[in-house]
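A.B. asks: I'd like to go over a predicted model; first the sequence, then the structure.
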Amino acid sequence: MSLKKSRREFIAKSLFATAATSVLIGKTNTLFANRPNTRPIVISTWDHGLAANVGAWGVLSKGGRSLDAVEQGVRITESDPNVTTVGIGSAPDREGHVTLDACIMNEHGDCGSVAAIEHIVNPISVARMVMEKTPHVMLVGEGALQFALANGFKKEKLLTEKAEQAWKEWLKTSKYKPIINIENHDTIGMLAMDKQGNISGACTTSGLSYKMRGRVGDSPIIGAGLYVDNEVGGACATGLGETVIRQCGSFLVVELMRQGMDPTSACKEAVRRIIKHEKNIQDLQVGFLAINKQGEIGSYAIHADFNFALHDQTDNKLVDSDFALK
């Protein structure tokens, strides 16, 4: 057999295998692959993503930019005092301070972030201002607050009466053992593709309930809680931030998609690596959510009960994610 003929047969077999894989993906993940009219689309973590998606869709459906959509979408969650893990009404740290983290990233790779900021209801908008008005990516603590106030944000009390009562009850034992899908159910991550096919993302949280003073998780860290590469796709994470940081989780998912994985497979591989490297995996939850440039979406988690909200031209619905430990 000639070398040229051998090469032709190798290429043919490779193309057949790729096509077969695509068919399998379509059968096992029909919500996410080969869907017509996928622009625009917005996805976000957890059930509070349903309301956030409505806000984002108000921008996308009018032909607006994905960056504006993700900012407006997660602001709804930040402004809802009934959501105890994002924005106003969040559980405080163990000393009674509500500190918030957020980041945002656009289709050009520009990004902004704030961490451990207090007294500001909508940290996602401060993060966007850091991106657009400063030479920096991240501002933290008192400096982030000063920047926000200097740019027109109002100082407000974030600790609601309900959250304060729950904190005081916790102080009676001060026992710190996060419960998966409850105290780790702490983030809204959102990814949007607009009509032009451009992808942006946002992530915002108060972090773990009753965390140590000064603790920052993955949510405001570009590459951990959120990452977007407009040539490839975007990803965001939720769950125990420390483990996501150790694996550069969202960046990993996007890079795996760059190498040819579909979004679900990329999320699954990122979860597999976390399971491989972490101890006490039964006591922690991490979930990833991703979208690629073709508008296909995917998710995967360590444990059951991670879900996400999907809004496209058909409807806005909650989808249960697949998971590893069954």
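C.D. replies: Perfect, I can see it now. Fair warning: this is a prediction, and the values are worked out from it, not measured in the lab.
A.B. asks: the helix or strand containing Ala192 pairs with which strands, and in what direction?
C.D. replies: Using DSSP states H and E, Ala192 sits in strand 187-193. The sheet places strand 187-193 alongside strand 41-45 (antiparallel), strand 199-205 (antiparallel), with pairing taken from DSSP bridges.
A.B. asks: in TSV: those strands, plus mean neighbour count, mean pLDDT and distance to Asp315.
C.D. replies: Placement of C-beta: from N, CA and C, glycine included. Output for these, formatted as TSV (neighbours: other Cβ atoms under 10 Å; pLDDT from 0 to 100; distance: least, Cβ to Cβ, whole Å):
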stretch	mean neighbour count	mean pLDDT	distance to Asp315
strand 41-45	29	98	12
strand 199-205	31	98	21
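A.B. asks: what's the nearest residue to Asp101 if we skip its chain neighbours?
C.D. replies: Pro220 (3.9 Å; Cβ to Cβ, 6 or more residues apart in numbering).
A.B. asks: which SS class is the one you found?
C.D. replies: coil (DSSP: H, G, I helix; E, B strand; the rest coil).
A.B. asks: state the pLDDT value of it.
C.D. replies: Predicted confidence (pLDDT) for Pro220: 98.
A.B. asks: around it, how many other residues sit close by?
C.D. replies: 32 (other Cβ atoms under 10 Å).
A.B. asks: likewise for Gln313?
C.D. replies: Around Gln313 there are 14 residues (other Cβ under 10 Å).
A.B. asks: measure it to Asp68 for me?
C.D. replies: When Cβ to Cβ, to the nearest Å is the yardstick, Gln313 and Asp68 sit 19 Å from each other.
A.B. asks: buried ones in the helix or strand containing Ser250, by neighbour count?
C.D. replies: Counting by DSSP H and E, the element that carries Ser250 is helix 249-258. Buried residues in helix 249-258, counted by 16 or more other Cβ atoms under 10 Å: 249-257.
A.B. asks: next: stretch 103-113.
C.D. replies: 103-107, 111-113.
A.B. asks: let's have those residues in JSON lines, adding secondary structure.
C.D. replies: As requested, these are exported to JSON lines (three-state DSSP):
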{"residue": "Cys103", "secondary structure": "strand"}
{"residue": "Ile104", "secondary structure": "strand"}
{"residue": "Met105", "secondary structure": "strand"}
{"residue": "Asn106", "secondary structure": "coil"}
{"residue": "Glu107", "secondary structure": "coil"}
{"residue": "Cys111", "secondary structure": "strand"}
{"residue": "Gly112", "secondary structure": "strand"}
{"residue": "Ser113", "secondary structure": "strand"}
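A.B. asks: could you pull out the strands for the stretch 101-250 of the chain?
C.D. replies: 111-117, 138-140, 187-193, 199-205, 226-229, 233-239 (DSSP state E, counting those that start in this stretch).
A.B. asks: now the angle from the last one to helix 249-258?
C.D. replies: Interaxial angle, strand 233-239 versus helix 249-258 (axes from the mean of the first three to the mean of the last three Cα atoms, to 10 degrees): 140 degrees.
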